[in-house]
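*Asks:* Fold the following.
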Amino acid sequence: MISENVVFKMNSLTEEEAIGFNFDHPDAFDFELCYEVIKKLLTRQETEIPIYNFKTNTRENITEKVRPTELIFLEGILALYYPVSYLHFFLLIS
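*Replies:* Numbering: from 1, shown residues only. Now for the predicted structure:
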């Protein structure tokens with residue numbers, strides 16, 4: 001399972017700025033990166049996903065390796081927002 005939280009855009013928000021930032025808005029997500037991850041997994045390629053640090057509101061310098069599987073779950077409130085992503089899905093659960 002891949003959480004859309006891992007594809008937050010790189011933000012250098014201060015703690016005060018993060019308080020007013022809408023992390024549920026589509027502009028907060030890197031949908032292009034999400035699409036690239038899905039595309040690699042669908043073509044049976046191993047890929048790397050970023051680790052997002054919610055304390056610092058930035059991506060860590062390390063990534064998590066994701067191997068392709070028979071089922072790919074993308075979860076999150078905006079998982080179906082980016083049209084290119086759901087063109088590759090075979091089953092949608094909303």
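
*Asks:* low-scoring stretches of the chain, by residue?
*Replies:* 10-12, 83-94 (pLDDT under 70).

*Asks:* Let me see the contact set for the residue nearest to Q45 when sequence neighbours are not counted.
*Replies:* The shortest distance from Q45 to any non-neighbouring residue, by C-beta to C-beta, 6 or more residues apart in numbering, is to P68 (6.5 Å). Placement of C-beta: from N, CA and C, glycine included. Shown in contact with P68 (C-beta atoms under 8 Å, 6 or more residues apart in numbering): 40-46.

*Asks:* Mind checking which of those are in helices?
*Replies:* Among these, the residues falling in helices (DSSP state H) are 40-42.

*Asks:* Now do the strands in this protein.
*Replies:* 2-3, 47-53, 58-66, 74-75 (DSSP state E).

*Asks:* Just the buried positions in the second one, please.
*Replies:* Of the residues in strand 47-53, those scored as buried under the neighbour-count criterion (16 or more other C-beta atoms under 10 Å) are 47, 49-50, 52.

*Asks:* Closest to I19 out of those residues?
*Replies:* Y52 (17.2 Å; C-beta to C-beta).

*Asks:* Please give me every residue in contact with the residue nearest to E60 when sequence neighbours are not counted.
*Replies:* Excluding the flanking residues, the one nearest E60 by C-beta to C-beta, 6+ apart is I51, at 4.2 Å. Taking C-beta under 8 Å, 6+ apart as the contact definition, I51 lies against 6, 59-60, 62-64.
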